[in-house]
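Visitor: Need the 3D shape of this:
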Amino acid sequence: MLNAVGWAAALLLAAGLLREVLAGGRAGDDRGGARRALGLLPLLAVALALWHGWLALRGSAFVVLLSLPGYLAAAILLALSLPRRRRTARAGTHDGAAARAAGAAGLVLLALSVVRLVELHALRNAATVPPDLRRQARALDLSARSWPDAFAALCADLAARYPFTAWKGIDWRARCAATAPRIAAAAARRDAAAYYVALREFAWSLADGHVGLAGDDHGLAGRVTGGDFGLRLAQLADGRVVAAAVSPGGAAARAGMPYGAEILTWNGKPAGEALAAAPVLWAAWPPSTAEARRAEQLRFLVRAPVGAIAAVAYRPRAAGASAAGGSTPGTGRMAAPTRTLTTLRLTAAAPRPAAQHKAPGAAPEEPPEDGPIAYNLREAFAGGAVEWRWLAAGAGYIRIKYELPTLRQVDPRGQVRSAVSSFLDRRAAGIVLDVRGNGGGLDVMVPRAVGCLVEAASVYEIPGVFSPAAGRFLPAPAYTVRVVPMAPHFPGRVAVLIDGYTASSGEGFALALRGRPGVAVFGFAGTAGFFAIGQRLIRLPGGLAMVVPIGQSLGPDGRIQIDGDAAGRGGVIPDHRIPWTEATLDAVYREHRDPVLDAALAWLQVRP
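Guide: Below is the predicted model:
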């Protein structure tokens, strides 16, 4: 229905706009029954465009996005068709020329929409999704039930249909029994905040980044983590926890803590023990691996309610180490390097915009530590998934930020092919494929985008789909997704850059390329470790909704791939892990260099 209405609207809009261009704004001055009927064409076209928009809003946000130029074309046609517009068109050639220009602009906008929607349709047709998986994507509505009844139904549904019960070692009976009394108590008190927290702790306990809880948190996240102690932490390869960044004007800087200081104790506990106990309930998504959990604990140990006090014992870096000292409180002078143990009392304050620092592992141009690259309105209208350029080191650089369509780029495959063709012409020593901060998107984009970088076909994933008849998940080999070679082929080395924010389908690039001859994966950390196929919504009382994955991604051996397991193992692990040392800390935070990219470029220069 959506496609039929869209094509009908496009044809009528094209006819109406073309009529305005040819008539120069006098198309509505015709007399006669047939011509009066033609005068209704703009109204019919606009009506169909509105109908298409209503249908698209109920379906795909991406269809709405790519249709916006077409809707604007409909608005132009409507404006040109107004009686006042037709009357003023008689006034002279100037208005007639303006009408022609407006009609031509409308045709251009309409053509842009049609081209982009055809590209999106082709992209969707390329996806091989089992019909059972599509049916299971339908939302489950429990919103009309009481809080305890809805939670019991939620538990029953997850026990039957959650894709990773065995993989993550989840005992649903025990886990639900531990949470049900809290839900019942919250219901008895009508305590919506306690109800929300109980559900969030239940969801986050699954350690699955594809699980989420949507709805009003009653300001809890801001109250619990809205305060900042003015520093960022990193854990070095030798286990030490250090101040990776000290925010100017923040609590740590005012108290005199220098950059690079080793944190010895936090509120009386050894740093490692305090770090392990730091909750991650307010992370953007449940950490799926042990490594991802530790990264979030490094973030949230230094967050607290505004006004909270933390007693911190630290020791500055050794004299002669490559680090800047902190300022002595009240003097503005640089403190002399010393190894004396110092204890401070820090008071959490609301963070200031000027005190933002880069995340551990991120290059200067990379996203901050609070999430992956943002797909926002600016990206949707003027951005694109793929950016590429030539590096001075004699290598090509391709950055893929997400797997989502924009008005400028629908399918990243075309941009990747253009980049590879250019790099071949310039005899590149190799290609850097940077997917750091890539938070995912549409799975179908990944195998299509890497075709130029492989010389042999391979299995990308086999869907694991829940079978109601069998009562368990079964492979669907008929819908196997493959990576297929594509021209132009790049025969040289490829370095793939990842980080802890390389998530969901973004992890597929490293998955598809790792282990191939001439390919190596570089990073400070492994990828996020959640790679399930699809998500569905479970609507709950109180305006909340739980988001859960639908299907499994299986490798050629039939085993679950990438998703974190019961032991916290998962994600794509770098072939070349750049360790956090004092030298790499300085490179990132003081010298504004990118040690991961530097290591990749050095590897590309080495003859195999």
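Visitor: How much space separates G219 from G555?
Guide: Using Cβ to Cβ, to the nearest Å, G219 is found at 43 Å from G555. (C-beta placed from N, C-alpha, C; glycine too.)
Visitor: Comparing those two, which shows the higher neighbour count?
Guide: Per other Cβ atoms under 10 Å, whichever of G219 and G555 has more neighbours is G555, with 14 against 10.
Visitor: How about the more buried one: what's its closest non-neighbour residue?
Guide: Sequence neighbours aside, Q561 is the residue nearest to G555 in space, at 4.2 Å (criterion: Cβ to Cβ, 6 or more residues apart in numbering).
Visitor: List the neighbours of the strand or helix carrying R293 that are in contact with it.
Guide: Taking DSSP states H and E as the criterion, R293 maps to helix 290-300. Residues from elsewhere that reach helix 290-300 (Cβ atoms under 8 Å, 6 or more residues apart in numbering): 207, 209, 225, 232-235, 241, 275-276, 278-280, 282-283, 287, 360, 369-370, 500, 525-526, 528-529, 564, 567-569, 571.
Visitor: That helix: what's the following helix or strand?
Guide: Counting by DSSP H and E, the next helix or strand C-terminal to helix 290-300 is strand 303-304.
Visitor: Can you give the contact residues for that following strand?
Guide: Outside strand 303-304, the residues within contact range by Cβ under 8 Å, 6+ apart are V224, T225, G226, G227, D228, F229, W282, A310, A348.
Visitor: quick one: which of the residues you listed sit in helices?
Guide: Judged by DSSP state H, those include V224, T225 as members of helices.
Visitor: Just name the closest of the contacts of strand 303-304 to G506, please.
Guide: For the contacts of strand 303-304, the minimum distance to G506 (Cβ to Cβ) is 22.6 Å, reached by W282.
Visitor: From A350, how far off is that closest one?
Guide: Counting by Cβ to Cβ, the gap from W282 to A350 is 15 Å.
Visitor: ok, the two, which is more surrounded?
Guide: W282 (18 against 10).
Visitor: Which pLDDT value belongs to the more buried one?
Guide: We have a pLDDT of 96 for W282.
Visitor: give me every residue that touches it.
Guide: L220, A221, V224, T225, F300, R303.
Visitor: now those residues: which count as buried?
Guide: For those, a burial check counting by 16 or more other Cβ atoms under 10 Å picks out L220, V224, T225, F300, R303.
Visitor: For the closest residue to A126 other than its chain neighbours, give its distance to V246.
Guide: Distances taken as Cβ to Cβ, 6+ apart place V444 nearest to A126, at 5.5 Å, with adjacent residues excluded. Going from V444 to V246 by Cβ to Cβ gives 44 Å.
Visitor: And for I398?
Guide: 35 Å.
Visitor: So which of those two has more stuff around it?
Guide: Neighbours per residue, other Cβ under 10 Å: of I398 and V246, the larger number sits with V246, 28 against 24.
Visitor: Torsion angles phi and psi at that one?
Guide: With angles defined as degrees, to the nearest 10, V246 sits at phi -120, psi 120.
Visitor: next one: Y501
Guide: Main-chain dihedrals, Y501, degrees, to the nearest 10: phi -100, psi 0.
Visitor: where do the strands sit along the stretch 51-200 of the chain?
Guide: Here the stretch 51-200 of the chain has its strands, by DSSP state E, counting those that start in this stretch, at 140-141.
Visitor: for it, what spans make up the helices?
Guide: For the stretch 51-200 of the chain, the helices defined by DSSP state H, counting those that start in this stretch cover 61-81, 83-88, 93-126, 131-136, 147-161, 172-189, 192-204.
Visitor: Excluding residues flanking it in the chain, which one is nearest the residue nearest to the spatial centre of the chain?
Guide: Central residue of the chain (Cα atoms, centre = their mean): G439, 2.7 Å from the mean position. Closest residue in space to G439, ignoring its immediate chain neighbours: P372 at 3.2 Å, by Cβ to Cβ, 6+ apart.
Visitor: The buried ones among the contacts of W282 into JSON lines, with extra columns for pLDDT?
Guide: Listed next are the buried ones among the contacts of W282 as JSON lines, based on pLDDT from 0 to 100:
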{"residue": "L220", "pLDDT": "95"}
{"residue": "V224", "pLDDT": "95"}
{"residue": "T225", "pLDDT": "94"}
{"residue": "F300", "pLDDT": "96"}
{"residue": "R303", "pLDDT": "95"}
